[in-house]
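Visitor: quick one, structure for this:
(2 chains)
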Amino acid sequence: MNELRARIVKLPLYKKVCLAILALYLVIAIFAPAIMPYAASDFSHRRLAPPGRAHLLGTNELGHDIFSLLINGFRITISLALVAGFATTTLGTALAFISVYFGGLIDDTLHFIANLFLMVPELVVIMFVAVFAAPTLSNTVIAIVLFSWVRVYKIVRAKLLDCLKKDRVIYTLSLKGNFLDVARVLAPDVLPIWGSFFVIQCNRAVMYETTLSFFGIGDPLAKTWGKLIKSAMDYSNLYYDNVFLWYLLPPVLVVLGFVICLALLVTQEE
Amino acid sequence: MRRNSVLRLILRYILYLLVAILVSFALPRLIPGNPLFLLAGDHGIDVPSNLLKQFEAYYAPDLPIVEQFFLYLRNLAKFDLGYSFYYKTPVITRILGAFKWTMLLSVPALLISTMLAIGLGVRMGLAPKGRGASLLPPLLAIQAVPTVLIAALGQILLGYKLRVFPASGAYTPGMTPHSPGYALDVLAHLLLPLIILIIAEIPSTAIFAYNSTLRIKQEQYVTFAKYLGIDHRDVRREFIIKNILPEMLGKLSIQAIMCVAGSLFVEAVFSYPGLGTLLKQATSYRDYPLMQGILLMSCLYGIGINFIFEFILHRYTRFR
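Guide: Presented below is the predicted three-dimensional model:
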């Protein structure tokens, strides 16, 4: 714990700010039900009310309280990001381990698939799978995970191939050769990359979900930030009377804050 | 020896091609709840019976799966991608019609963004006392934002609020290629999506060029050139930029794919009549044949681009 604190203290100022903002996002996501003034499904309010004391960000054309939807979106979007980020990074790392450990045909096949995936815009494939599957939040996550592990795989595989030359790895290999033992010995080398990729993939998951939502794909009832942006952009009178200021802009700014803080957190130091 | 490795390259790409076609064939049939053959008008589109017949003739759901695949291959060989549910026309005519708009947007974006990004990255790399690194956070920030959001913000600000540019479409509705001022009108509609796509594509190339520059800068011939008192502009052009170009070529092949992908999202926001808008319509009307066609075309495009670049790189190393 002290070690972690020491590492945080050493970070440059802008990274500390990012970390603080992300911590705030997490707190909002955890305590969302307590912060929301109304239930997310409650559409009994006066429609299209401008911001006021009863409705901080006004109401939408269906009578939902926009502020409540936004806070609810923290919970849904951040859980989606964490789950997809964790699963993608773990899948990519695991496949890299398998690839390097078994080598030969298994390595060739996995590497062939990875190279093919890199030639096709991954978001188009994700979109395709997500449209064909039933529109649920978990299917969106599965589509994202299945088609975005490739970058993690490529980098971790390269790193592992490097590590195989290290003495302690050669030693373990020659002594026992057990898959789990080798994984344990290699773990300290891979963990930092795993950490950075986890953050990057959380960023990507939100990026992808936002784009999928914009294309009208995904569970219409799971009100992620992307869905809020989409429903604002679908509202035909968005640009009259500055409605966009409280309808469209808040979810956009929330997404921007989240993805930018994540991206800046993983930049390399000089 | 040499011919052998060219042959291997070609064989590998044929294998990529086959796998991509196989995946585009299998994916809609594999995903649970596959709606490809459940046409019973569930998403609000009525499929007329003659179209349904054409559809059945194309997909032939009653045939064994292997024969379906061979039928798919035969149709592909005739450039037949099936019929669009929504437009009720062959998918291939829709895709080709949209493709030219996507190229009009993405090719200039690719060229301009690559040139600007190389210039920026090299300058950042050569800035005294590593000051160029201070530009990294803003570049990374832009890179992290979904392209649809950048496009949406640009559209709100410059299209709807300040009204500097037309906010949507590729030309004023009602105009035809023969109307007076058509070219200018197309250009005016192109500018805003183009600028946004360029902004979205610059960061990754610039960061790449920056890292390459940092590496080349340490080479002894660069240090020596400085001792010789060669003008720093000449050093930059002759010693740095020319030496990072081979690496940039590899990056360009990735960028050529990213640019088209980015262009899809920008188009969808601006209702620009390219593949992105087509894709948006295909997804919102659940037009599966059209989606399958777009997926297959983007796979073929990606594989084709990679083949060309790998081939160039192959030739290049031969003469070195």
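Visitor: tell me how many other residues crowd the residue of the stretch 1-150 of chain B found nearest chain A.
Guide: Closest to chain A within the stretch 1-150 of chain B is B:Ala144: 3.4 Å, counting by C-beta to the nearest C-beta. (C-beta placed from N, C-alpha, C; glycine too.) A total of 22 residues lie near B:Ala144 under the criterion other C-beta atoms under 10 Å in any protein chain shown.
Visitor: report pLDDT for the residue lying closest to A:Val254 once chain neighbours are set aside.
Guide: Closest residue to A:Val254 apart from its sequence neighbours, by C-beta to C-beta, 6 or more residues apart in numbering or on different chains: A:Trp225 at 5.7 Å. Listed pLDDT for A:Trp225 reads 94.
Visitor: what number of residues lie near A:Trp225?
Guide: So A:Trp225, with other C-beta under 10 Å, has 27 neighbours.
Visitor: who's in contact with B:Gly250?
Guide: B:309, B:313 (C-beta atoms under 8 Å, 6 or more residues apart in numbering or on different chains).
Visitor: next, the buried residues of the strand or helix carrying it.
Guide: For B:Gly250, the element it lies in under DSSP states H and E is helix B:242-270. Neighbour-count burial for helix B:242-270 flags B:243-244, B:248, B:251-270 (criterion: 16 or more other C-beta atoms under 10 Å in any protein chain shown).
Visitor: so A:Thr93 touches A:Val152, yeah?
Guide: Yes. A:Thr93 is within contact range of A:Val152, at 6.3 Å (criterion: C-beta atoms under 8 Å).
Visitor: list the residues that contact both of these two?
Guide: Counting by C-beta under 8 Å, 6+ apart, the contacts common to A:Thr93 and A:Val152 are A:Phe197.
Visitor: got the contact list for the residue nearest in space to the middle of chain A?
Guide: Nearest to the mean C-alpha position of chain A, by C-alpha atoms, centre = their mean, lies A:Cys202 at 2.4 Å. Neighbour list for A:Cys202: A:81-82, A:84-85, A:262 [criterion: C-beta under 8 Å, 6+ apart].
Visitor: okay, helices next: where are they in the stretch 1-150 of chain B?
Guide: According to DSSP state H, counting those that start in this stretch, the stretch 1-150 of chain B carries its helices in the segments B:2-30, B:49-59, B:65-77, B:91-126, B:136-144, B:147-154.
Visitor: okay, these, which one's buried deepest?
Guide: Highest mean neighbour count of these: helix B:147-154, a mean of 23 (counted as mean count of other C-beta atoms under 10 Å in any protein chain shown).
Visitor: which residues sit against that one?
Guide: A:210-211, A:214, A:229, A:233, A:252, A:255-256, B:142, B:192-193, B:195-197, B:199-200, B:262, B:265-266, B:268-270.
Visitor: if you set the cut-off to 7 Å instead, what comes out?
Guide: A:210-211, A:214, A:233, A:252, A:255-256, B:192, B:196, B:199-200, B:262, B:265-266, B:268-270 (C-beta atoms under 7 Å, 6 or more residues apart in numbering or on different chains).
Visitor: check which element follows it along the chain.
Guide: helix B:182-217.
Visitor: just give me how far that next one sits from the chain centre.
Guide: Between the centre of helix B:182-217 and the centre of its chain there are 13 Å (C-alpha atoms, centre = their mean, to the nearest Å).
Visitor: now that helix: average pLDDT?
Guide: Mean predicted confidence for helix B:182-217 is 93.
Visitor: now do it and helix B:242-270, the angle between them.
Guide: Helix B:182-217 and helix B:242-270 are oriented at 140 degrees to each other (axes from the mean of the first three to the mean of the last three C-alpha atoms, to 10 degrees).
Visitor: so which elements touch helix B:182-217?
Guide: helix B:91-126, helix B:136-144, helix B:147-154, helix B:242-270 (3 or more C-beta pairs under 7 Å, 6 or more residues apart in numbering or on different chains; DSSP states H and E).
Visitor: in JSON lines: these, plus distance to A:Val145 and mean pLDDT.
Guide: Compiled in JSON lines, the helices and strands packed on helix B:182-217 are given as follows (distance: least, C-beta to C-beta, whole Å; pLDDT from 0 to 100):
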{"stretch": "helix B:91-126", "distance to A:Val145": "28", "mean pLDDT": "94"}
{"stretch": "helix B:136-144", "distance to A:Val145": "19", "mean pLDDT": "92"}
{"stretch": "helix B:147-154", "distance to A:Val145": "21", "mean pLDDT": "92"}
{"stretch": "helix B:242-270", "distance to A:Val145": "19", "mean pLDDT": "90"}
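Visitor: tabulate those (CSV), appending distance to B:Gly174.
Guide: Output for the helices and strands packed on helix B:182-217, formatted as CSV (distance: least, C-beta to C-beta, whole Å):
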stretch, distance to B:Gly174
helix B:91-126, 17
helix B:136-144, 36
helix B:147-154, 25
helix B:242-270, 18
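Visitor: looking at those, which is closest to A:Val9?
Guide: Minimum separation from A:Val9 across the helices and strands packed on helix B:182-217 (C-beta to C-beta) falls at helix B:136-144, 19.7 Å.
Visitor: what's in contact with the closest one?
Guide: With C-beta under 7 Å, 6+ apart, helix B:136-144 has contacts from A:14, A:203, A:259-260, A:262-264, A:267, B:199, B:203-204, B:206-207.
Visitor: narrow those residues to those that are buried.
Guide: For the contacts of helix B:136-144, a burial check counting by 16+ other C-beta under 10 Å picks out A:203, A:259-260, A:262-264, A:267, B:199, B:203-204, B:206-207.
Visitor: rebuild those residues as a markdown table, extending it with distance to B:Val235.
Guide: Formatted as a markdown table, the buried ones among the contacts of helix B:136-144 follow (distance: C-beta to C-beta, whole Å):
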| residue | distance to B:Val235 |
| --- | --- |
| A:Asn203 | 37 |
| A:Val259 | 38 |
| A:Ile260 | 35 |
| A:Leu262 | 37 |
| A:Ala263 | 33 |
| A:Leu264 | 32 |
| A:Thr267 | 28 |
| B:Ile199 | 29 |
| B:Pro203 | 25 |
| B:Ser204 | 26 |
| B:Ala206 | 20 |
| B:Ile207 | 22 |
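Visitor: spell out which residues of the stretch 1-150 of chain B are next to chain A.
Guide: Within reach of chain A by C-beta under 7 Å from any C-beta of the partner chain, the stretch 1-150 of chain B has these residues: B:16, B:19-20, B:27-28, B:31, B:33-35, B:130, B:133, B:136-137, B:140-141, B:143-146, B:148-149.
Visitor: A:Leu82 and A:Phe74, how far apart?
Guide: 12 Å (C-beta to C-beta, to the nearest Å).
Visitor: those two: which is more packed in?
Guide: Each of A:Leu82 and A:Phe74 has its neighbours counted (other C-beta under 10 Å); A:Phe74 has more, 24 against 16.
Visitor: test my guess that the more buried one contacts A:Pro33.
Guide: No. Assessed by C-beta atoms under 7 Å, A:Phe74 is found out of contact with A:Pro33, at 10.9 Å.
Visitor: which residues touch A:Gly257?
Guide: Shown in contact with A:Gly257 (C-beta under 7 Å, 6+ apart): A:Ile21.
Visitor: confirm it sits in a helix?
Guide: Yes. Counting by DSSP: H, G, I helix; E, B strand; the rest coil, A:Gly257 is part of a helix.
Visitor: where's it relative to chain B, distance?
Guide: Computed as C-beta to the nearest C-beta, to the nearest Å, the A:Gly257 to chain B distance reads 10 Å.
Visitor: against B:Tyr16, how distant is that residue?
Guide: 40 Å.
Visitor: before we move on, what about A:Lys230?
Guide: Using C-beta to C-beta, A:Lys230 is found at 34 Å from B:Tyr16.
Visitor: ok, now how distant is the closest residue to B:Ser179 other than its chain neighbours from B:Pro177?
Guide: Spatial nearest neighbour of B:Ser179, excluding adjacent residues (C-beta to C-beta, 6+ apart): B:Asp185 at 7.9 Å. Using C-beta to C-beta, one gets 10 Å for the distance from B:Asp185 to B:Pro177.
Visitor: cheers, nothing more for now.
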